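Here is the input, now give the coordinates:
(chains A and B, ligands or ions: 2)
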Amino acid sequence: MTTAQALALFPLRDIAATSLQELMQLCGQRLQAGERLLTLFGRPAPELGVNIIVVTAVLQPAQGALVILRATAQRGEHYRCLTAQHPAAQIFERELWEQTGLFPDDHPWLKPVRFEGERQQRMLEYPFFKVRGQEVHEVGVGPIHASVIEPGHFRFMCLGENVHHLEIQLGYQHRGVEGLLLRRPVWQLTPLVESICGDSAVAYAWGYGAALELMSNQPVAPAIQASRAIALEMERIAMHLATLGGMATDIAFLQGGATYGRLRTAIINASQRVCGNRFGRGWIRPGQAKPLSEALQQDLTRTLRAFAPDFTQINQLMLAARSVQARLHGTGTVSQQAALDLGLTGPVARASGVALDHRTQWPGAAYGHAPLPMVTEPDGDCWARMRLRMREVDASLAWLLQLLGDTTLNLSQAGQAQSSTPAALQAEALCVSLVEGTRGPVLQVLETSAKGELRHYKVQDPSTANWFGLAFAMRDNAISDFPICNKSFDLSYCGNDL
Amino acid sequence: MFKSIAVRKSQGTQYIPDLRAATPGGFRGKPVISDAACADGCQACVQVCPSRAVRLEPTQPDPVHIDLGRCVLCGDCEPVCPSRKLSFNNDVKLCATSREALTVSSAHPNLDPIKVSKALHKRFGRSLKLRSVSAGGCSGCEMEINALSNVNFDLGRYGIDIVASPRHADALVLSGPITRNMAQALQICWDAIPEPKLVIAVGACAISGGVFADSDALDRQFLDNFKPALYVPGCPAHPLTFISGIMDLLGIAP
Ligand code: SF4
Ligand code: SF4
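Ligands and ions are numbered 1, 2, ... in the order given. Prediction:
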């Protein structure tokens, strides 16, 4: 079953369910052919019988349409793991095992993703690898870290000065989001969806709203799409600034820290003037987006125009500073091949030369109206990830100014939704929704029952796949390189932990 | 060198001189509940609220009560009210020193002003070191806590700083609903803070569980034993909410 959209609805009757073995074989063949595994997950299927698990895989071919594969399996069933051949599958097979008990034989790395369900509160049982030998030592940090940041445990296995291997243990932020999403009325989930990963509230809210609109066959006007995209690019600029500020601070380039900090304040305060909240909460609801009155359009344009020269100036200062160059060049390198093998996504992949951005691949109404360039960097090191973020901010900035100056869009009409009334969702259907957020594709998959009720809500933050990239980037670097590597990736803990 | 001076010049003066007087433009802050009569049998606000913050009581003409300890300031109750009873202003002064004092209604529209604690003023009025712990936070509150020390809010000017080690801290700034997976680490951090010490609960999550209150992945026992000295509502809590609350509690002159 295929489609050509980053938002797609699949009637379940059109998706033939195979056996688990067949599904994994097909997945393997498609991965072999160069397709990307966007997600692979399972859920208990009481409607089909006790101990039945339904497994869904979503793949993205190089060109065109999303591919859905489905299987039914028995709880506890074993299969030959994909990871041994295709490392990009590692995190999905682990999550599938943790959530449903389906067992990937020969998985080299079968460890809990987030300690959910029965494994809660067993954080001390994480099965760390043991590295032995003279000169080997281990350093563990976290879950609580020195600065104001979410918790996670990092264990460095070092040979002398060099990090031989890093293990990242997450799960401390596990709040049971996926379960909670099924407990409240399906049309009223936005505040919860905005809290799955609060620094990506817009990306999540858009993906959720778009899914409901498609499932209830209530398309929204182009003005609403444009308003949402404006919200998303404001969010992207703000988050890239937070990362750039953090990177500057981590290498004691204090002028960068101070300047990016105040520049970010201007951006998030502007978002607040539109929607009431500095993180874009409230900008988007199913069927709706905040209208941008003439006054607000001018306000945003003024803010961005004032921002642009100061941003360029501090970037130039940072890029020209020898201390910054010396610290970032060649630190935490991920080659293009490694990025592809590990299935990295978003800016982290683009900084390793992987041209992958859903805004250009599947632009939809808003990005179709005014296309965004694909930004990549070749080198895959901390420097590349910094440069990439600067260039993405520039691209978003130019794009925003273009949209805000476009009178044909009727941005002031955005709020008037054609319909935002809770309508019935198409029964027995699966909706895949992808939004290219700051960290990459935010994926949400919603499935309805025969009665049109929400049966399953799968959430996949781009960080989940990318955390392994950070571990990989640290190999043969020093522990002192970790803060800057970590910041240059700037991944989400709560987005992974759910 | 010259580039650096140019950046410094463009930076200008960024700090907000009077933090207590600052009002954030457009902020959806305090819920305002009018005394318009509710439609017969209407429950619209209660049903739409994602965090069970609205309570309807038979007390006419003052039936609608909003608990700011639960409210995530999402605004979703405003459009559904057929009597147009609900709106929001940009008031950031939402803090309280007791859980019960966080409720507003039409008869009680403002939170009681925070009284200066003489004891806290004496001990921490000139220096308060904070250790932040995110226990299931969505990174919203964490980013706003971080913003406290940026060049705009610059809370350090009053001796209020965020420190790395709990050993150096006077207060634990708690964000997030306290997940079961984080409960133990939180306790260990608290135990490492020397006496005298206090807890500051930041955001709807920390105060009540917020939008996650119904989850069975939480373990909020920590708060059975340690009552926060300050509750800082919001989702996330606006930096100015935190600042006005803590300055009032410590009796810091503007
Ligand atoms: S603004 Fe507060 S009271 Fe109103 S619906 Fe949202 S959480 Fe509930
Ligand atoms: S209160 Fe809101 S912003 Fe703060 S951690 Fe909870 S969900 Fe995130």
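
So which elements touch the strand ranked longest in chain B?
Determined from DSSP state E, the single longest strand within chain B is strand B:128-134. When contacts are defined as 3 or more CB pairs under 8 Å, 6 or more residues apart in numbering or on different chains; DSSP states H and E, strand B:128-134 packs onto helix B:140-147, strand B:160-162, strand B:171-175, helix B:180-192. Quick note: C-beta positions are derived from backbone N, CA and C, even for glycine.

What strands line up against the third one, and which way round?
Spelled out, that is strand B:171-175. Paired neighbours of strand B:171-175 in the sheet (DSSP bridges): strand B:128-134 (parallel), strand B:198-202 (parallel).

will you turn these into a markdown table that also has mean pLDDT and mean neighbour count?
What follows is these, written out as a markdown table (pLDDT from 0 to 100; neighbours: other CB atoms under 10 Å in any protein chain shown):
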| stretch | mean pLDDT | mean neighbour count |
| --- | --- | --- |
| strand B:128-134 | 94 | 25 |
| strand B:198-202 | 96 | 25 |
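
what's the closest of those to ligand 1?
Comparing the strands paired with strand B:171-175 against ligand 1 with CB to the nearest ligand atom, the closest turns out to be strand B:198-202 (16.6 Å).

wait, does the closest one contact ligand 2?
No: figure legend: strand B:198-202 not in contact with ligand 2 (CB under 6 Å from any ligand atom); closest approach 7.2 Å.

Check the offset of that strand from the chain's centre.
9 Å (CA atoms, centre = their mean, to the nearest Å).

neighbouring contacts of that strand?
Strand B:198-202 has contacts (CB atoms under 8 Å, 6 or more residues apart in numbering or on different chains) with B:120, B:130, B:141, B:144-145, B:170-175, B:190, B:207, B:223, B:226-232, B:234, B:236-237, B:242, B:246.

Among those residues, name the buried ones.
Neighbour-count burial (16 or more other CB atoms under 10 Å in any protein chain shown) applied to those gives B:120, B:130, B:141, B:144-145, B:170-175, B:190, B:207, B:223, B:228-232, B:234, B:236-237, B:242, B:246.

Report pLDDT for residue 172.
Looking at chain A here, since you left the chain open. Listed pLDDT for residue A:172 reads 96.

think we crossed wires, I meant chain B
Model confidence at residue B:172 (pLDDT) stands at 96.

what sits against it?
Residue B:172 is in contact with B:130, B:131, B:132, B:133, B:166, B:189, B:190, B:193, B:197, B:198, B:199, B:200, counting by CB under 8 Å, 6+ apart.

which of those residues lies closest to chain A?
residue B:132 (4.4 Å; CB to the nearest CB).

which residues touch residue B:158?
B:247, B:252.

Next one: it, what pLDDT does it get?
For residue B:158, pLDDT reads 93.

ok, is stretch A:131-149 in contact with chain B or not?
Yes: judged by CB under 8 Å from any CB of the partner chain, stretch A:131-149 and chain B are in contact via A:143, A:144, A:146, A:147, A:148, A:149.

The stretch 51-200 of chain A: helices as residue ranges?
Assigned by DSSP state H, counting those that start in this stretch, the helices in the stretch 51-200 of chain A fall at A:90-100, A:177-180, A:190-193.

export the second one as PDB, just CAs?
C-alpha atoms of helix A:177-180 as PDB (Å, rounded to 0.1, in the frame of the first residue of the first chain):
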ATOM      1  CA  VAL A 177       2.200   9.400  26.800                       C
ATOM      2  CA  GLU A 178       1.000   6.900  24.300                       C
ATOM      3  CA  GLY A 179      -1.400   5.300  26.800                       C
ATOM      4  CA  LEU A 180      -2.700   8.700  27.900                       C
END
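
Does that helix pack against any helices or strands, and if so which?
Applying 3+ CB pairs under 8 Å, 6+ apart, we find helix A:177-180 packed against strand A:454-460.

next one: the last one
Contact partners of helix A:190-193 among helices and strands, from 3+ CB pairs under 8 Å, 6+ apart: helix A:201-215.

Return the list of helices and strands in contact with the helix it packs on.
Judged by 3+ CB pairs under 8 Å, 6+ apart, the packing partners of helix A:201-215 are strand A:7-11, helix A:190-193, helix A:222-250, strand A:284-285, strand A:429-437, strand A:440-448.

before we move on, back to that, how far does the longest strand of chain B sit from its chain's centre?
14 Å.

And stretch A:11-24, by the same measure?
26 Å.

What of stretch A:391-401?
Centroid separation for stretch A:391-401 versus its chain: 20 Å, with CA atoms, centre = their mean.

Residues touching it, excluding its own?
Against stretch A:391-401 from outside (CB under 8 Å, 6+ apart): A:230, A:233-234, A:236-237, A:240-241, A:300-301, A:304-305, A:307-308, A:311-312, A:347, A:370, A:372-373, A:375, A:377.

Restrict the residues you listed to the buried ones and give me that as a PyMOL selection.
Buried residues among the contacts of stretch A:391-401 (16+ other CB under 10 Å), as a PyMOL selection:
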select buried, chain A and resi 230+233+234+236+237+240+241+300+301+304+307+311+347+370+372+375+377
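
so which of the contacts of strand B:198-202 also contact ligand 1?
Answer for these near ligand 1: none qualify (CB under 6 Å from any ligand atom).

Can you name the residues that contact the residue nearest to residue B:45 when sequence neighbours are not counted?
The shortest distance from residue B:45 to any non-neighbouring residue, by CB to CB, 6 or more residues apart in numbering or on different chains, is to residue B:77 (4.1 Å). Neighbour list for residue B:77: B:31, B:44, B:45, B:48, B:49, B:54, B:86 [criterion: CB under 8 Å, 6+ apart].

what do you get if the cut-off is 6 Å, keeping everything else the same?
Each residue near residue B:77 by CB atoms under 6 Å, 6 or more residues apart in numbering or on different chains is listed here: B:45, B:48, B:49, B:86.

wait, the first one sits on residue B:54?
So the one you mean is residue B:45. Yes: assessed by CB atoms under 6 Å, residue B:45 is found in contact with residue B:54 at 4.8 Å.

Pick out whichever of these two has more residues nearby.
Taking other CB atoms under 10 Å in any protein chain shown, residue B:45 and residue B:54 do not tie; residue B:45 has more neighbours (25 against 22).

How many residues are close by residue A:44?
Using other CB under 10 Å, residue A:44 has 16 other residues around it.

give me the beta-bridge partners of it?
Note on residue A:44: beta-bridge partners by DSSP bridges are residue A:53.

Which residue, other than its chain neighbours, is closest to residue A:60?
Residue A:60's closest residue in space is residue A:36 (CB to CB, 6+ apart), at 4.5 Å.

Count the neighbours of the one you found for me.
Residues within reach of residue A:36, counting by other CB under 10 Å, total 19.

sorry, back to before: and of the helices and strands packed on helix A:201-215, who's closest to residue B:180?
helix A:190-193 (18.8 Å; CB to CB).

I'd like the distance from that closest one to the chain centre, please.
16 Å.

go on, stretch B:61-74?
Its chain's average C-alpha position is 15 Å from that of stretch B:61-74, according to CA atoms, centre = their mean.

Only alpha carbons, please: show it as CSV.
This file holds the C-alpha atoms of stretch B:61-74, laid out as CSV (Å, rounded to 0.1, in the frame of the first residue of the first chain):
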residue,chain,number,x,y,z
PRO,B,61,-23.4,33.1,41.4
ASP,B,62,-19.9,31.9,41.6
PRO,B,63,-19.9,28.3,40.3
VAL,B,64,-16.7,28.2,38.2
HIS,B,65,-13.4,27.6,40.0
ILE,B,66,-10.1,27.2,38.2
ASP,B,67,-7.2,25.6,40.0
LEU,B,68,-4.0,27.2,38.7
GLY,B,69,-2.1,24.2,40.1
ARG,B,70,-3.7,22.1,37.4
CYS,B,71,-4.4,24.7,34.7
VAL,B,72,-2.0,24.6,31.7
LEU,B,73,-3.2,28.0,30.4
CYS,B,74,-4.2,26.3,27.2
